[in-house]
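> sequence and predicted structure, then a few things I'm wondering about:
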Amino acid sequence: MGNGDTRVRGLAARAGGWSARHRWAAVGIWILFVVLAMGLGSAAGRVDVDEADQLKGETHTAARIIDDAGIKQPAGETVLIQSKDGSVKAADAEFKAAVADVVKAVEGTGEVTGVTSPYDTGTIAKDGRSALVQFDMRGDADTAADRVEPVLKAVAGVQKGHGSVRVAEIGSASMQKQYKDAFGNDFQQAELSAVPVALGILLIAFGALVAALLPVALAITAIMATMGLMGIVSHLQAMSDTANSVMLLVGMAVGVDYCLFYLRREREEREAGRDAGTALQIAAATSGRAIIVSGVTVCVAMAGMLFTGLSGFEAMGLASLMVVAVAMVGSVTVLPALLSLLGERVEKGRIPFLRRRKRAGGTESRFWTAVLKGVLAKPLVSVVVAAGALLAVAAPALGMKTSQLTLDQEFGDSLPMVQTYDRVNAAFPGGSEPASVVVRAKDINAPEVRQALADFKKQAIDSGASQGPIEIKLHDAQNVALVSVPLVGGSDMGKATKSLEKLRDEVRPATLGKVEGVQAPVTGQVAGNHDFNDQLIGSVVPVFAFVVVFAFLLMLLSFRSLTVAITSIVLNLLSVGAAYGILVAVFQHGWGASLVGAEGVGAIVTWLPLFLFVILFGLSMDYHVFVVSRIREARLRGRTTNDAIQHGVVTTAGVVTSAAVIMVAVFAIFGTLSMQSMKQMGVGLAAAVLIDATVIRGVLLPAVMALLGERNWYLPKWLHRMPDFTHDESPEALAPAVPDESEPLRV
């Protein structure tokens, strides 16, 4: 084939060869697939995760009782009336006038129902300086945020007429509206800005518009197809908006990376003097195979989220898995077809000031050549220094504290509702996030049930779990009672959780638990957080074990080396550990938090460690597989181990650097959002990728491989019967066989 017979085998090589020979068919099939996926997904509609299915345990049981009973819980709202300087009290005429005006104003909007005065319900603080007017929004709670604006304006109007008291509204509808107004566009802008950022970096990397557009086009079409597939799959596994965002992040990262790997290798082979067909065939067999190995490994990592038992995580895992699979398939099929079609035209749209730099001997990086010279000269010192530095960075992770972030931790003082939330909790501990006991009985009005409800109400206060007021709302027709219990501890999640445990473990068994046939699961925000934490913690070990074991097996099969499989896992765990350490240092301890526009909130959001582990373990395999594959190629061609390591690292440095810069930039965008949880996710992902592409792949990996020498390719004889997923390279001289206890290096 122009430069001699180049033997290739394997799925990637066959797929690339077929696509190059049938390029119009390959492109047409891809376009048809994307259009069909979007069309079928749109026709099927999407099923989102139901609140009742989000969690297991008591929270799930309570939601099911309410759903089965057909009880539609409205969006509850509260207006705080509070003396500004403490001089006006609830018994004073001025205070009463403010309360009366609030009641009249909100009723006048026609958007509310069930308005109650604090003088009727007793929702007056013990010091007499604060009171609560409570009501419900009319209509569906899910859309209440769209109708709450007139109510907010009415409350603001009352405030203008009463300067001595503070009048402020808070509730599920008003909070959702403020959240949408403040941050609703943040996510959209962050997601949209990922595309021009990636394109800009690719323009710098390739210096040509057409070459830069290919990876972005592949990523976008993969994301579009996956969005359609999500609609179809959602009828089996419900999806969510969060799954959309994660899918877009992962899809953009891997879609661009895979295309970048393939395109850079094809260009490199052409620069080395090979004709277009041979260059494309070698790229298919080498980079194409690395893409498949990496893609399958990422898919396995994402599948780990399916073991959490949490619907939100399962949706994220499945959506991410699908976009990686679609991007992987597109990279080894439609991409070689497009490259074959474009030929030299892939260099169209040259950027004048970014002229292509041709280096003797290929595309080796001068910077990494210099770094590798020092690393390979003293590999033991390099391992000790690099590993020691990463372990030091990871050390703070040993003291990691996870928690669901409270409203003030999540948003700081950036929203007015945070101040109102804090004031309500200070005056009425637990009032803004009460526990809800869903009581179902054969006859809710039976004397023993009514007595048990009264006893529960009394003992909840006597036990110290609540300071009241405790409200009981009966639904006679459904034989259900909803008991609202403000928890002592309020916004302090630790104290509120202790109050919740008192309700569940002490008060309930001694009262409602004694009545036969009565169910009384305790739910609410605090209970939901508690149940979520318990379920998440319980899933950590199986998820970690699944991801690590299957990643190990994939690396073992792909490289037929026990050593490579073990070092891959160890280095990836070290990278994840360093990312954890940075998160804890910045967000838990507050070290350097101001540099990223964050605050030390004292905890890492509960879902993040497991999420980061799965995402990072998958994405870091991109670089690892790509670099190790190149080292193995060079070793097979007869280079010494150290020469092969240097060649593999420096020739991949450009593409790894470009891919890492894109990932870091995209993830850093999410680190600029105002929500602390999004900052933590963005900073954690960006830091981990940066460490992975520099310290791990540029220093630690080559140093470890240099120390191991030929033992890098060790495979026990009893494993020789494994399927051979390695690939042929070229007819250049092969390396000599390694010792007997290992499998010979072969093509």
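All right, it came through fine. Numbering: from 1, shown residues only.

> excluding covalently adjacent residues, which one is nearest to V689?
Excluding the flanking residues, the one nearest V689 by Cβ to Cβ, 6 or more residues apart in numbering is M663, at 4.6 Å. Where C-beta positions appear, they are placed from N, C-alpha and C, glycine not excepted.

> and the one you found, how many neighbours?
Residues lying near M663 (other Cβ atoms under 10 Å) number 28.

> and it, what element?
helix 641-671 (DSSP states H and E).

> elements contacting that helix?
helix 172-206, helix 241-271, helix 366-377, helix 608-636, helix 676-691, helix 701-708 (3 or more Cβ pairs under 8 Å, 6 or more residues apart in numbering; DSSP states H and E).

> quick one: distance of it to the chain centre.
Centroid displacement of helix 641-671 relative to its chain, using Cα atoms, centre = their mean, to the nearest Å, is 22 Å.

> pLDDT of it, averaged?
Across helix 641-671, pLDDT averages out at 84.

> do the same with stretch 686-700
89.

> alpha carbons of that stretch, in CSV - could you do that?
The C-alpha trace of stretch 686-700 is given here as CSV (Å, rounded to 0.1, in the frame of the first residue of the first chain):
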residue,chain,number,x,y,z
ALA,A,686,-10.0,20.2,36.2
ALA,A,687,-7.3,19.6,38.9
ALA,A,688,-7.4,15.9,38.4
VAL,A,689,-7.1,16.1,34.6
LEU,A,690,-4.2,18.5,34.9
ILE,A,691,-2.4,16.3,37.4
ASP,A,692,-3.1,13.2,35.2
ALA,A,693,-1.8,14.8,32.0
THR,A,694,1.4,16.2,33.6
VAL,A,695,2.7,14.5,36.7
ILE,A,696,1.2,11.1,36.1
ARG,A,697,1.7,10.7,32.3
GLY,A,698,4.8,12.9,32.0
VAL,A,699,6.8,11.9,35.1
LEU,A,700,5.5,9.0,37.1
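
> can you list contacts of that stretch?
Contacts to stretch 686-700, defined as Cβ atoms under 8 Å, 6 or more residues apart in numbering, come from residues 368, 371-372, 375, 382-383, 386-387, 389-390, 393, 571, 574-576, 578-579, 582-583, 612, 616, 619-620, 623-624, 627, 649, 653, 656-657, 659-660, 663-664, 667-668, 671.

> give me that answer again for 7 Å
With contact meaning Cβ atoms under 7 Å, 6 or more residues apart in numbering, stretch 686-700 is reached by 368, 371, 375, 382-383, 386-387, 390, 571, 575-576, 578-579, 582, 616, 619-620, 623, 627, 649, 656-657, 660, 663-664, 667-668, 671.

> of those, buried ones?
Buried members of those, scored by 16 or more other Cβ atoms under 10 Å, are 368, 371, 375, 382-383, 386-387, 390, 571, 575-576, 578-579, 582, 616, 619-620, 623, 627, 649, 656-657, 660, 663-664, 667-668, 671.

> sketch out the low-pLDDT regions of this structure for me.
1-10, 51-55, 182-191, 353-365, 413-414, 430-432, 490-492, 597, 599, 724-747 (pLDDT under 70).

> please pick out the residue of it most distant from its centre.
A93 (52.7 Å; Cα atoms, centre = their mean).

> what segments of the chain are strands?
For the chain, the strands defined by DSSP state E occupy 76-83, 112-116, 130-137, 165-171, 402-403, 435-440, 471-475, 480-485, 522-524, 604-605.

> which strands or helices does the last one pack on?
The one in question is strand 604-605. Here strand 604-605 touches helix 676-691, going by 3 or more Cβ pairs under 7 Å, 6 or more residues apart in numbering; DSSP states H and E.

> what's the angle from the helix it packs on to helix 172-206?
Relative orientation of helix 676-691 versus helix 172-206 (axes from the mean of the first three to the mean of the last three Cα atoms, to 10 degrees): 20 degrees.

> compute the inter-axis angle for helix 676-691 and helix 241-271.
Here the directions of helix 676-691 and helix 241-271 differ by 20 degrees (the same axes, to 10 degrees).

> from the chain's centre, how far out does helix 676-691 sit?
The answer for helix 676-691 is 10 Å, by Cα atoms, centre = their mean.

> number of nearby residues for D455?
17.

> so the closest residue to it other than its chain neighbours versus S561, what's the distance?
Leaving aside its chain neighbours, D455 sits nearest to T511 (4.2 Å; criterion: Cβ to Cβ, 6+ apart). Applying Cβ to Cβ, to the nearest Å, the value for T511 to S561 is 64 Å.

> pretty sure L512 is touching A454, no?
No. Applying Cβ atoms under 7 Å, one finds L512 not in contact with A454, separated by 10.7 Å.

> how many neighbours does the nearest residue to T369 once chain neighbours are set aside have?
Counting by Cβ to Cβ, 6+ apart, T369 lies nearest to V650, which is 5.0 Å off, once chain neighbours are set aside. For V650, the count of nearby residues is 26 (other Cβ under 10 Å).

> now do G161
For G161, using other Cβ under 10 Å, the count is 11.

> OK, contacts around G330?
W30, L218, T221, A222 are the contacts of G330 under Cβ under 7 Å, 6+ apart.

> A37 reaches A225, doesn't it?
Yes. Assessed by Cβ under 7 Å, A37 is found in contact with A225 at 4.2 Å.

> which of those two has more neighbours?
Between A37 and A225, A225 has the larger neighbour count (other Cβ under 10 Å), namely 25 against 22.

> what sits against the more buried one?
F33, V34, A37, M38, V326.

> any idea which of the contacts of G330 is the one closest to V106?
Using Cβ to Cβ, A222 comes nearest to V106 of those, at 49.0 Å.

> residues touching that closest one, list them.
G251, G255, V323, V326, A327, G330.

> how about JSON lines for those residues, with distance to I291 added?
JSON lines is the format used below for the contacts of A222 (distance: Cβ to Cβ, whole Å):
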{"residue": "G251", "distance to I291": "14"}
{"residue": "G255", "distance to I291": "11"}
{"residue": "V323", "distance to I291": "14"}
{"residue": "V326", "distance to I291": "13"}
{"residue": "A327", "distance to I291": "9"}
{"residue": "G330", "distance to I291": "10"}
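
> correct me, but I291 touches Y258?
Yes. Using Cβ under 7 Å, I291 makes contact with Y258 at a distance of 4.7 Å.
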